[in-house]
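Colleague: Compute the structure for the input listed below.
(chains A and B)
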Amino acid sequence: MEENSNKSVLQVEAVAPATAKFKIPVDSEQKATEFWLFSFVAPHMRAFHLSWFSFFCCFVSTFAAPPLLPVIRDNLNLSATDIGNAGIASVSGAVFARLAMGTACDLVGPRLASASLILLTTPAVYFTALINSPSSYLLVRFFTGFSLGSFVSTQFWMSSMFSPPKVGVANGIAGGWGNLGGGATQLIMPLVFDLIHHIGSTRFTAWRVAFFIPGLMQTFSAIAVLALGQDLPNGNYRKLEKAGDKHKDSFGKVFYNAVTNYRGWILALTYGYCFGVELTIDNIIAEYFYDKFDVNLRTAGMIAASFGMANIVSRPGGGWLSDLMSRRFGMRGRLWSLWVVQSIGGVLCIVLGKMHNLSAAVVVMLLFSCFVQAACGLTFGVVPFISRRSLGLISGMTGGGGNVGAVLTQLIFFKGSRYSKETGITLMGVMILACTLPITLIYFPQWGGILCGPRAKATAEDYYAAEWSEDEKERGYHSASVKFAENSVKEGGRRRENSPTVPVDETPSYV
Amino acid sequence: MAALLLYQAAILLLLCYLGLSSAVLFSSLPQTLIVTASPSPGQVLHAGVDPIKVTWAVNRSLAVGADAVYKKVKVSLCYAPVSQADRGWRKTNDDLKKDKTCQFKINTIPYTAGATGSYDYTVERSIPTGTYFVRAYVLDSSDTEIAYGQTTDGKKTTNLFDVVGYSGRHASLDIAAACFSAFSVASLAFLFMVEKRKAKK
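Modeller: Numbering: from 1, shown residues only, chains lettered A, B, ... in the order given. Below is the predicted model:
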């Protein structure tokens, strides 16, 4: 296995016929070293499209209610407290779901894990059409919100399919285009509502019918994931495990390895203040513009949508920036850019709450959305390197932390009538700045951190091999980790010169 | 340069004048109408079904001829404080342009001096669940509010009635939701089994 790593991709394809079946160039782990956005080639790019679209549908469902709140709040006689509580509930279910998904991905693979979660939460979306009280509103939003756990399977799947030089951009686009659902729904739902209302339904029936759209989208995208997707480049988990090609890891060890890695906890906190803030804004922004600037439902929806729509480019931009910084400065570049971009997002949030003019508010909101979403992309440029053995659970912890941030900010600043919405937004910006500081504490011995450089003689192989005990190493369970370590050598930055065009993995010792 | 500044000052003054003159404050309006509505205090009306009859007459203590400027009467359904609590989108504001208390216009009827006016209204299906009272604004020829009357007292605590809104639910929606949910879970189970069988081979 290790001998292949110093050959070029072309030679690998000639020597090992099994790997020649991929149209896209791959590394020694059969992960794609290129990212072809407009292609559907199996299994890599097909997995990408299936995962981002199914995640997009989950976002559409979870945030389908906020743009229609001016109608729903009258139909169900909701108070501001009811609305705030439901907003908190909508993002709190996913805290647990993301952690569970992390483990599920590690154990049964991203395909089964995400399709199960998505299909089991669609009933909550359909039942939204039947609710008639504040408590039933809270319940459907709570259960629908569980579907946001599919974020973890998206990132896990991309990290399994794409090589380190491309993992940032793959994760960024998959995550960003999924998050796009939070923006698209602010356009889709008022449009569908208007259409149905125009055809002849009363307002109070039209919004109910509208909810079948996100429900159906969710059902069919999850079926597609199961029917057309594949867990790993070489096949699905179950098949590989039965054939002995993949060792079935133990939950206890995976769990212990994840929770004892402090970097996972720090990113969980900071992700709460880029992604968590994004979720909070998805929940409050349409109503904010509707009430403060007296625009109509469709206009408020369009403004709110533009916040989420920035995800088309800003989150992938963050992932791309992470990969770019890594090429020149290695992991230190990834960490620096994350800290700077997220802090600027915090400043813009403070400014947004102080805007009393509609056009100024929209402009600041758009800038704010770019920075906050780029920070999300930058975060997942770092996550794949924290752990190889517990990748799923670390992704889950970070993702779950994002939702915890959303719960906290809504609880503190946007529940009931304690703070006006604009004060809440400004204070949220201050909290972003404070909770982004811990990024300065992340340190990789082999690559360094924001404040300090790498330790001499520390290697990626040591770091990833340390996740396994001596006994496990003897049995070769850590072989995938070793391959990963070789492929992530470039995280050391320009110190190790490689030919930039050929996607080859070389370490000096093999040359 | 000086001409430009003078021009800008003139525009500003004009805007200020227009701004001031268009802001009608509720506290400045005299309560010269006596308004009564047919629902008894605490009565529950159903949206889309039950009627309300509103009647109004000018207060006898008003000077004769003072109602010469009264041209129209705008009758509205307004939220009582209990339906406004913790709901910022229904907040009362003294500036009538920003006031959100009376969101449902019943009708605007021409005013006949000295006579008692009335209007029959069926509670519309779109009226949400809540506690309400009726208020009538008197409009002058430029459609600006110049006086008012309401069925409740100054604190809006007496003589309120309830409306039960239309739920919007339909049996067909219930059935569709159940069917699609069952389909989603069933397709998961089916594909799961197919998966298991493939792995066994």
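
Colleague: make it CA atoms for all contacts and neighbour counts henceforth
Modeller: OK.

Colleague: Show the pLDDT at A:Ser153.
Modeller: As predicted, A:Ser153 sits at a pLDDT of 90.

Colleague: quick one, longest helix in chain B?
Modeller: Selection of the longest helix in chain B by residue count, based on DSSP state H, yields helix B:171-200.

Colleague: Who are the packing partners of it?
Modeller: helix A:110-127, helix A:212-228, helix A:237-242 (3 or more C-alpha pairs under 8 Å, 6 or more residues apart in numbering or on different chains; DSSP states H and E).

Colleague: how about the second one: buried residues?
Modeller: Put plainly, it is helix A:212-228. By neighbour count with 16 or more other C-alpha atoms under 10 Å in any protein chain shown, helix A:212-228 contains the buried residues A:212-223, A:225-226.

Colleague: Report the angle between the longest helix of chain B and helix A:110-127.
Modeller: 170 degrees (axes from the mean of the first three to the mean of the last three C-alpha atoms, to 10 degrees).

Colleague: Show me which positions of helix B:171-200 end up buried.
Modeller: B:173, B:176-177, B:180-181, B:183-185, B:187-188, B:191-192, B:195, B:199.

Colleague: Just put the residues you listed in JSON lines and tack on pLDDT.
Modeller: Putting these into JSON lines (pLDDT from 0 to 100) gives the following:
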{"residue": "B:Leu173", "pLDDT": "94"}
{"residue": "B:Ala176", "pLDDT": "95"}
{"residue": "B:Ala177", "pLDDT": "96"}
{"residue": "B:Phe180", "pLDDT": "96"}
{"residue": "B:Ser181", "pLDDT": "96"}
{"residue": "B:Phe183", "pLDDT": "96"}
{"residue": "B:Ser184", "pLDDT": "95"}
{"residue": "B:Val185", "pLDDT": "95"}
{"residue": "B:Ser187", "pLDDT": "95"}
{"residue": "B:Leu188", "pLDDT": "94"}
{"residue": "B:Leu191", "pLDDT": "91"}
{"residue": "B:Phe192", "pLDDT": "87"}
{"residue": "B:Glu195", "pLDDT": "83"}
{"residue": "B:Ala199", "pLDDT": "72"}
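
Colleague: nearest to A:Gly178, of the residues you listed?
Modeller: B:Ser184 (20.9 Å; C-alpha to C-alpha).

Colleague: hang on, the earlier thing: from the buried residues of helix A:212-228, which has minimum pLDDT?
Modeller: Scanning the buried residues of helix A:212-228 for pLDDT, the smallest score is found at A:Leu226, 91.

Colleague: pretty sure it is touching B:Phe190, no?
Modeller: No. When contacts are counted by C-alpha atoms under 8 Å, A:Leu226 is not listed as touching B:Phe190 (10.6 Å).

Colleague: Could you report the neighbour count for A:Glu491?
Modeller: Applying other C-alpha atoms under 10 Å in any protein chain shown, we find 27 other residues in the vicinity of A:Glu491.

Colleague: do B:His170 as well
Modeller: As a burial measure, B:His170 scores 13 neighbours (other C-alpha under 10 Å).

Colleague: Could you grab the helix/strand/coil label for B:Ser118?
Modeller: Each residue gets one of three states, and B:Ser118 gets strand by DSSP: H, G, I helix; E, B strand; the rest coil.

Colleague: Quick check: it touching B:Ser38?
Modeller: No. Look at B:Ser118 against B:Ser38 with C-alpha under 8 Å: they stay out of range, at 10.8 Å.

Colleague: what touches both of those two?
Modeller: In terms of C-alpha atoms under 8 Å, 6 or more residues apart in numbering or on different chains, B:Ser118 and B:Ser38 are both contacted by the residues B:Lys53, B:Val54.

Colleague: Which strands or helices does the strand ranked longest in chain B pack on?
Modeller: Longest strand in chain B by number of residues (criterion: DSSP state E): strand B:130-139. On a contact count with 3+ C-alpha pairs under 8 Å, 6+ apart, strand B:130-139 meets strand B:33-37, strand B:72-79, helix B:81-84, strand B:145-150, strand B:161-164.

Colleague: The first one vs strand B:145-150, what angle?
Modeller: Per the same axes, to 10 degrees, the angle that strand B:33-37 makes with strand B:145-150 is 40 degrees.

Colleague: now do the second one
Modeller: Between the axes of strand B:72-79 and strand B:145-150, defined by the same axes, to 10 degrees, the angle is 50 degrees.

Colleague: Can you give the distance from strand B:72-79 to the centre of its chain?
Modeller: How far strand B:72-79 lies from its chain's middle: 8 Å, per C-alpha atoms, centre = their mean, to the nearest Å.

Colleague: Between strand B:130-139 and that strand, find me the angle.
Modeller: Taking the same axes, to 10 degrees, one finds strand B:72-79 and strand B:130-139 inclined to each other by 160 degrees.

Colleague: ok, strand B:72-79: who's next to it in the sheet?
Modeller: Paired strands of strand B:72-79, with direction, are strand B:104-110 (antiparallel), strand B:130-139 (antiparallel) (DSSP bridges).

Colleague: so of the ones you listed, which one's packed in deepest?
Modeller: Of the strands paired with strand B:72-79, the one with the most neighbours on average (mean count of other C-alpha atoms under 10 Å in any protein chain shown) is strand B:130-139, at a mean of 24.

Colleague: Pull it out as CSV, backbone CA atoms only.
Modeller: The C-alpha trace of strand B:130-139 is given here as CSV (Å, rounded to 0.1, in the frame of the first residue of the first chain):
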residue,chain,number,x,y,z
GLY,B,130,-58.3,37.5,19.5
THR,B,131,-60.1,40.0,21.7
TYR,B,132,-61.4,43.1,19.9
PHE,B,133,-63.3,46.4,20.2
VAL,B,134,-64.7,48.6,17.5
ARG,B,135,-63.4,52.1,16.7
ALA,B,136,-64.7,54.7,14.3
TYR,B,137,-62.5,57.6,13.0
VAL,B,138,-64.1,60.7,11.6
LEU,B,139,-62.4,61.8,8.4
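
Colleague: Would you mind listing what in chain B touches chain A?
Modeller: Taking C-alpha under 8 Å from any C-alpha of the partner chain as the contact definition, chain B meets chain A at B:85-89, B:125-126, B:128-130, B:165-170, B:173-174, B:177-178, B:180-182, B:184-185, B:187-188, B:191, B:199.

Colleague: Where does the record place the domain boundaries for chain B?
Modeller: By the record's domain assignment, chain B is partitioned as B:25-168, B:171-201 (automatic domain parsing).

Colleague: which stretches of chain A have low pLDDT?
Modeller: Applying pLDDT under 70 to chain A flags the ranges A:1-20, A:238-248, A:477, A:490, A:494-511.

Colleague: Close to chain B: what parts of chain A are there?
Modeller: Contacts of chain A with chain B, taken as C-alpha under 8 Å from any C-alpha, map to A:74-77, A:79-81, A:115-116, A:119-120, A:122-123, A:126-127, A:129-130, A:132, A:202-206, A:208-209, A:212, A:216, A:219, A:223, A:226-227, A:238-239, A:242, A:291, A:416-417.

Colleague: Now a PyMOL select for only the buried ones of those residues.
Modeller: Here is the PyMOL command that selects the buried residues among the residues of chain A next to chain B (16+ other C-alpha under 10 Å):
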select buried, chain A and resi 74+75+76+77+79+80+81+115+116+119+120+122+123+126+127+129+130+132+203+204+205+206+208+209+212+216+219+223+226+238+239+291+416+417
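
Colleague: Tally up the residues packed near B:Leu62, please.
Modeller: 11.
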